[in-house]
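Chemist: okay, predicted coordinates and the sequence, questions at the end:
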Amino acid sequence: MSEILRVEHLKKSFDELMVLDDINLSVQRGEVVVIVGPSGCGKSTFLRCINGLEEIQEGRVLLGDEVINPAQKGTNKHREKIGMVFQSYDLFPHKTILENTTLAPQKVLKRKKDDAEKEALELLDRVGLASRKDSYPRMLSGGQKQRVAIVRALMMHPEILLFDEVTAALDPEMVREVLDVILDLAKQKRTMLIVTHEMAFAKAIADRILFLDGGQVIEDGDPKQFFESPRTERAKKFLSTFEYDRS
Amino acid sequence: MGFEVLFKGKNLIRLLGGVGVAMKISAVSVLISIVLGIVIGMIMTLKNPVIRAVTRVYLEIVRIMPQMVLLFIVFFGVTKLTGLNLSAEAASIIVFSFWGTAEMADLVRSSMISIPVIQYESSAALGLTKLQTYLYVIIPQIIRRLLPLSINLITRMIKTTSLIMMIGIVEVLKVGQQIIEANRKSSPHAAFGVFAVIFLLYFLVCWPISKLAGYLEKKWEN
Amino acid sequence: MNTEVLRSYLPLFTEAFLLTVKIGWIGIALSFLIGFVCAFIRYFRIPVLTGIVKGYVELFRNTPLLIQLFFIYYGLPAVGIRVSAEVCGAVGLGLLGGSYMTESIRSGLEAVPYIQTESALSLGMTKTALFVHVILPQALSISVPALVANLIFLLKETSVFSAISLMDLMFTAKDLIGLYYNTTESLVLLVLFYILMLLPVSIAGSLIEKKARFKMFGD
């Protein structure tokens, strides 16, 4: 295994508020890292920092051996290599599904239209949406939109994929269809960083769990061990919020 | 630059008096438009096809006919057809109210229909009577949507009042022209100063009102 | 009403109509140009120019066209700037319209959700590609109703041109009423020509509004 992403002493604050406090992380090629933690713990901000959507105050993010820094020019070159899917349906509403998935490959990678469309159709077929290629985003359900968003990210052939609570805004019956697509990607040995509230899914897909609380990494390790016998009190308390009993 | 003319004799006072004439006509038209607009706007939300057709034609006339043309029709046309001697002031108040009422009614109608049905339903579910629902839930929401828009309409009506000089009312522009004319020899540049000041006067009247509308709109956004 | 009079007035009104339409549309083209440039300046927060644009928009949105035309046509020559009535009409309408267009286009640009920018950036798009392919098309479709309203407003405002002695429809009507007292015929032609000028735009505008939404969002 080789290292693909490295985060060193990352600090991020919004004005006075410290959101991420000295985060360190090394991700290997093909690894699936699931990031969990209570609301407001900084999980989403962490992903956004990795993709250079947020400026950071201290530390650095390295993709391979290149530093990602939104304050510098050329961040979009790094972003090509990092795919990201957001919580809200962020498809381009004025473009069809096929156009949504082929716009960036044509404009950024300068690929031929036919060539990009061919690949997009294959990928859309794989997520079961090839027949909707000429539909507009508004005509799709939330789950379908998220599957398109994943295809759109894959079309850039990213080296690493970031998922930011992609099922949080979905109706329960649509969560599954999206998670199945992500599980399929894990089988293809894709490198992924996933922020989620779906604990069963996290347990099933993760090679490694990162537990964030108060802007710090509290636990970092094996999913089985994390879910069955968390080492810290904070992790125990967090996991207990997903259990119900009437006592 | 021609500004000195304004400080001669009573010129500035006369100019402000001209503004007063325009503002008086605006104020009367605005008042009539708001009252009639609210009534007609409410009538327009009814589903009666005849009312719909009539108000539709009314709105479309106002939408495409320049106020200047309406002013001509009323001032010259009505006089001619009825033999009635309509004063220019009366003609302009009739026209601006006819136009303003349509605009106001359209604002009232769209604010009223923009309130989601769920607001009525959830009020009913809480056991509020129909009167209480309107009083505490619906009308406050309508006012929040309506007020900034109607304040904007007021500035539009004030700006449109500048047209009255075209049918011979002596208002600020006309007074300005008279001042320029009277001082042609002593201040040849008076036209620049006088029209610049009139420009500024209109701005000083309209700008604070649009700022207020913008402020309310922002404050009540959600 | 006298049809003989109507017929004899028709050429005069046709000529006036063509002049009004010509200057009106030149002014409108100018207003779109000014509107786009100023809206981009504000959207990209270009220093210094943003302040100037803000001042210009406030000034021209809060004063009547009639006063603006008087200032340009009668006021400016006193300090040595002299333009023909036609140029004054087009420029005045362009400046007035530009201030309205700026606001409409700018609010369209700002109404595009920020997530659109972020997702385009995360696909590696450059700022230019993001603006041209993602932000601008969405912004324009949001602005369409406001732009159509501005268009109709500006065409109506052409009725003020007569104040600077442009031989437009209003001027012709007033002239004929003053000279021959054929009030009814003059007014009928005046109304007909304004319907001819505005009704097609009003109808086309409503259609475009519906179509823009249909096409853009696939309803």
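Modeler: Yes, it's here. Residues are numbered from 1 along each chain as shown, chains lettered A, B, ... in the order given.
Chemist: quick one: average confidence on stretch C:194-204?
Modeler: For stretch C:194-204, the mean per-residue pLDDT is 93.
Chemist: just the buried residues of stretch C:203-211, please?
Modeler: C:205, C:208-209 (16 or more other C-beta atoms under 10 Å in any protein chain shown). Using the backbone N, CA and C atoms, a C-beta is placed for each residue, glycine as well.
Chemist: run through the chain and note the low-pLDDT ranges.
Modeler: Using chain A here. Across chain A, the ranges flagged by pLDDT under 70 are A:1, A:71, A:73-74, A:247.
Chemist: you answered for a different chain; I wanted chain C.
Modeler: C:213-219.
Chemist: what residues does chain C put near chain A?
Modeler: Within chain C, the positions adjacent to chain A are C:115-116, C:118-126, C:129, C:133-134, C:137-138, C:141, C:216-219 by C-beta under 8 Å from any C-beta of the partner chain.
Chemist: could you pull out the helices in chain B for me?
Modeler: B:11-44, B:49-64, B:67-72, B:79-82, B:88-113, B:117-125, B:130-132, B:139-160, B:172-182, B:190-219 (DSSP state H).
Chemist: hey, which of those is tucked in deepest?
Modeler: helix B:67-72 (a mean of 24; mean count of other C-beta atoms under 10 Å in any protein chain shown).
Chemist: out of the helices of chain B, which gets the lowest mean score?
Modeler: helix B:79-82 (a mean of 79).
Chemist: that helix and chain C, are they touching?
Modeler: Yes - looking at helix B:79-82 against chain C by C-beta under 8 Å from any C-beta, the contacts come from B:79-81.
Chemist: helices or strands next to that helix in the packing?
Modeler: When contacts are defined as 3 or more C-beta pairs under 8 Å, 6 or more residues apart in numbering or on different chains; DSSP states H and E, helix B:79-82 packs onto helix C:183-217.
Chemist: counting contacts, what elements does the helix it packs on pack onto?
Modeler: Against helix C:183-217 (3+ C-beta pairs under 8 Å, 6+ apart) you get helix B:49-64, helix B:67-72, helix B:79-82, helix C:3-43, helix C:136-157, helix C:169-180.
Chemist: right, and those - which one's nearest residue C:68?
Modeler: helix C:136-157 (10.1 Å; C-beta to C-beta).
Chemist: what are the phi and psi values for the residue in chain A that chain C sits nearest to?
Modeler: Closest to chain C within chain A is residue A:136: 2.6 Å, counting by C-beta to the nearest C-beta. Note on residue A:136: its backbone torsions stand at phi -100, psi 150 [degrees, to the nearest 10].
Chemist: count of residues packed around it?
Modeler: Residues within reach of residue A:136, counting by other C-beta atoms under 10 Å in any protein chain shown, total 22.
Chemist: pretty sure it contacts residue A:96?
Modeler: Yes - counting by C-beta atoms under 8 Å, residue A:96 is a contact partner of residue A:136 at 5.9 Å.
Chemist: residue nearest the centroid of chain A?
Modeler: residue A:163 (1.7 Å; C-alpha atoms, centre = their mean).
Chemist: tell me the most buried of the helices and strands packed on helix C:183-217?
Modeler: Taking mean count of other C-beta under 10 Å, helix B:67-72 is the most buried of the helices and strands packed on helix C:183-217, at a mean of 24.
Chemist: how about that helix, does it reach chain C?
Modeler: Yes - in terms of C-beta under 8 Å from any C-beta, part of helix B:67-72 sits within range of chain C, namely B:67-69, B:72.
Chemist: not counting its neighbours along the chain, what's nearest whatever residue of chain A ends up closest to chain B?
Modeler: Closest residue of chain A to chain B, C-beta to the nearest C-beta: residue A:88 (17.8 Å). Leaving aside its sequence neighbours, residue A:88 sits nearest to residue C:115 (C-beta to C-beta, 6 or more residues apart in numbering or on different chains; 5.5 Å).
Chemist: contacts only, for that neighbour.
Modeler: By C-beta atoms under 8 Å, 6 or more residues apart in numbering or on different chains, the residues touching residue C:115 are A:86, A:88, A:90.
Chemist: so the second one makes contact with residue A:169?
Modeler: Yes - contact criterion C-beta under 8 Å: residue A:88 and residue A:169 qualify, at 6.1 Å.
Chemist: those two: who's more crowded?
Modeler: Between residue A:88 and residue A:169, residue A:88 has the larger neighbour count (other C-beta under 10 Å), namely 18 against 14.
Chemist: just give me the residue closest to the centre of chain B.
Modeler: Centroid-nearest residue in chain B: residue B:157, 2.3 Å away (criterion: C-alpha atoms, centre = their mean).
Chemist: so that residue makes contact with residue B:28?
Modeler: No - between residue B:157 and residue B:28 there is no contact under C-beta under 8 Å: 10.4 Å.
Chemist: distance of residue C:187 relative to chain A?
Modeler: 46 Å (C-beta to the nearest C-beta, to the nearest Å).
Chemist: ok, now residue C:161?
Modeler: Counting by C-beta to the nearest C-beta, the gap from residue C:161 to chain A is 38 Å.
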